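1. how does the following fold in three dimensions:
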Amino acid sequence: MGFLQRLLGGGGRKLEHPVFGGLLLIRAKHGAYWEGETQLAGRPLTLAIEAPGEAEPVPGQVAFFERYTQDPDLAFHKGEDLLIGEYEQWLRKPFPADWREAFAWVALSIPADGDELKPWDLSFECLQGVAARRHFTCYIERGHVVRVEMSG
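-> Residues are numbered from 1 along each chain as shown. Alright, predicted model coming up:
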């Protein structure tokens, strides 16, 4: 079930946040998080906001979100080296000069307190070739991308 379906019809605690918009609390094995969706450059961006103790988003998480969404290049550059390598391996061609020709940014997780040293991730959808519509997810720990995984 997609985010909007869960928000509109599913159970669970809901929150209308002034920055993130409609959020739905998800309780998972690894802990609770708020799930939401916003628009960025006319495309949906899925959000997963850590919610320790099922707490509502805090100012540090808002600042984290705004930092990256106000400068999407910053998000891409976070995982640039590994993303370019994966792209070139899968498509067997050079990476384009503008990353937006290769990828669309589709998901962002926001760590507890907005602390970049805690684990979080970014996902990009490939727009070209044999990897089109597949997601390349950058997993970040201690402020550095530790791996990129492709799915889809």
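2. for burial, what's the neighbour tally of the nearest residue to residue 50 once chain neighbours are set aside?
-> Once flanking residues are discounted, residue 50 sits nearest to residue 112: 4.3 Å by Cβ to Cβ, 6 or more residues apart in numbering. C-beta: built from backbone N, CA, C; applies to glycine. Residue 112 has 19 neighbouring residues, counting by other Cβ atoms under 10 Å.
3. now do the contacts for residue 112.
-> With contact set as Cβ atoms under 8 Å, 6 or more residues apart in numbering, residue 112 has these partners: 50, 52, 61, 118.
4. out of those residues, which is nearest to residue 83?
-> residue 118 (21.2 Å; Cβ to Cβ).
5. list phi and psi for residue 88.
-> phi -70, psi -30 (degrees, to the nearest 10).
6. grab the most central residue of the chain for me.
-> residue 108 (1.6 Å; Cα atoms, centre = their mean).
7. ok, that one touching residue 72?
-> No - using Cβ atoms under 8 Å, residue 108 is not in contact with residue 72, being 10.1 Å away.
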